[in-house]
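>>> What would the 3D arrangement of this be:
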Amino acid sequence: MKKNLLLGVTGSIAASKTEKLFNLLKDSYNIKIVSTKEGLKYLSTDFKKSKNIISSWEDVEGSPHIELSRWANKIIIYPATANFIAKFNHGIADDLLLSILLMYKNSIYIAPAMHEEMYENKITQQNILELSRKHIFCGPRYGKLDIGDEGIGRLLEPDELLRILHGKKQKIIVTSGPTFEKIDSVRGLINSSSGKQGRAIAFELLSRGYEVTYIHSHKVDPVPHANNVKYTSSSDLNNEILNNIKNVKTIYMTSAVSDFIPEKHEGKFSRHDGVLNIKLSPNIDIIKSVKEKHKDIKVIAFSAQLDNHLNYEKISDKNCDFLVINNLQTNDFGSDNNKILIIDQNKLIFESDNENKNIIANHIINNTL
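Numbering: from 1, shown residues only. Now for the predicted structure:
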């Protein structure tokens, strides 16, 4: 017996893809479509006529917000605009679709579609972060946007959403950002890692339907619809990996981990103390340690170098499965672009051009997962 699916449409130009999604789902579900008035503008006339789309209380008798919320076994909002997400998060019910969602007790599949600046706006990010504690966000991904732009905010394609709807794939850990090692009570050793590459990998994995635990530096923003875990020091990072490693199949170890640990001074150093000598000791190798304890987990390590040396010594010593090499002489920390080499234990398997880190994330995942 088919389950009931309510397909919600909001006012994005990407709503034209809703028709294809409907055709992919129609054989598996009983579908009813509820659209905002703005969403109707982007659906074809034939589709609107043939599918009896509901957009207001006047379209049906009774109390449709109650009846439809109880009828639906699943709800998908495809696409979801920034405006709609903001209203939903703040409990605003000024149309039929929002009223249905506020009546609905289960998790809702939400596929955002908007321009990159709107998606990365702090308010939008906070709204998605709060909603993602209960609901399932599907995308967005990096790609072509309106007026010829490219960026994060592109609606997932219908077949990509279908794969998420049919169940999440394996659990993956992505680590991202620098570590901070205390020298005294207020100072510490840190590097210039921006966390952008790890963040891009997390976004791409989520858009492909993977369950992502994003273990990120306190200096780096969370990824709204991942399982976000913060760390400060390399010790914190190691502990959080081990705390979240259950059922993990793959780790992308993108974090820039300090190679040395300072001997911490109690209190605060003063310039009046004169010349300081700070003792530095070699840090533990987190990747090597994790791989020794969890041999079946695939580990992708990252090597920030001052050359393009294919570092087989490093990949062998760490016993990781892949090594992504980033030449800092040509790729500055914090840049939006990157150029990488990927090796396995035996050979070079991929070399990229200098490209946006979101595109690089695609290359890394395609060649290592």
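
>>> Could you use CA atoms for every contact and neighbour count after this?
Fine.

>>> What residues of stretch 72-87 count as buried?
Residues 72-82, 84-86 are the ones in stretch 72-87 that count as buried (16 or more other CA atoms under 10 Å).

>>> Would you mind measuring from the closest residue to E351 other than its chain neighbours to A200?
Among residues not flanking E351 along the chain, L341 sits closest, at 4.5 Å (CA to CA, 6 or more residues apart in numbering). Plainly put, L341 is 17 Å away from A200 if you go by CA to CA, to the nearest Å.

>>> now do N327
Separation of N327 from A200 (CA to CA): 18 Å.

>>> Kindly report the same for K2.
In terms of CA to CA, K2 sits 37 Å off from A200.

>>> Those two - which one has more neighbours?
Using other CA atoms under 10 Å, the more surrounded residue of K2 and A200 is A200, with 24 against 11.

>>> residue ranges of the helices in the stretch 251-369 of the chain, please?
286-293, 312-318, 357-368 (DSSP state H, counting those that start in this stretch).

>>> can you redo the ones you listed as a markdown table with mean pLDDT and mean neighbour count?
Conversion of those to a markdown table gives the following (pLDDT from 0 to 100; neighbours: other CA atoms under 10 Å):
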| stretch | mean pLDDT | mean neighbour count |
| --- | --- | --- |
| helix 286-293 | 93 | 16 |
| helix 312-318 | 94 | 16 |
| helix 357-368 | 94 | 18 |
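
>>> Reformat the ones you listed as a markdown table; add distance to Y231.
Shown next, in a markdown table, are those (distance: least, CA to CA, whole Å):
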| stretch | distance to Y231 |
| --- | --- |
| helix 286-293 | 14 |
| helix 312-318 | 22 |
| helix 357-368 | 22 |
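
>>> wait, which of those is closest to K20?
Checking those against K20 by CA to CA gives helix 357-368 as the closest, at 24.5 Å.

>>> what about the strands in the stretch 1-150 of the chain?
With strands called from DSSP state E, counting those that start in this stretch, the stretch 1-150 of the chain shows them at 3-9, 29-35, 74-80, 109-112, 136-137, 141-144, 150-154.

>>> Now for Y78: which residues touch it?
Neighbour list for Y78: 7-10, 15, 18, 110-112 [criterion: CA atoms under 8 Å, 6 or more residues apart in numbering].

>>> Name the residues of stretch 159-171 that come out as buried.
Buried-residue list, stretch 159-171, by 16+ other CA under 10 Å: 160-161, 164, 171.

>>> can you check stretch 105-122 too?
107-116, 118-119.

>>> what's the closest non-adjacent residue to L43?
Spatial nearest neighbour of L43, excluding adjacent residues (CA to CA, 6+ apart): S16 at 5.5 Å.

>>> The one you found and L156, how far apart?
12 Å.

>>> Likewise for G209?
The spacing between G209 and L156, counted by CA to CA, is 11 Å.

>>> shared neighbours of those two, anything?
Going by CA under 8 Å, 6+ apart, residues that sit against G209 and also against L156 are C138.

>>> which regions of the stretch 51-200 of the chain lie under the pLDDT threshold?
Applying pLDDT under 70 to the stretch 51-200 of the chain flags the ranges 168.

>>> if we go to 80?
167-169 (pLDDT under 80).

>>> quick one on the thing from earlier: contacting residues for the residue nearest to E351?
308, 324-326, 348-352.

>>> List only buried entries from the residues you listed.
324-326.

>>> Now flag whichever of the residues you listed is closest to A226.
The shortest approach to A226 among the buried ones among the contacts of L341 belongs to V324, at 22.9 Å (CA to CA).

>>> per-residue confidence for that closest one?
As predicted, V324 sits at a pLDDT of 97.

>>> Touching, it and Q305? I think so.
No - look at V324 against Q305 with CA atoms under 8 Å: they stay out of range, at 10.4 Å.
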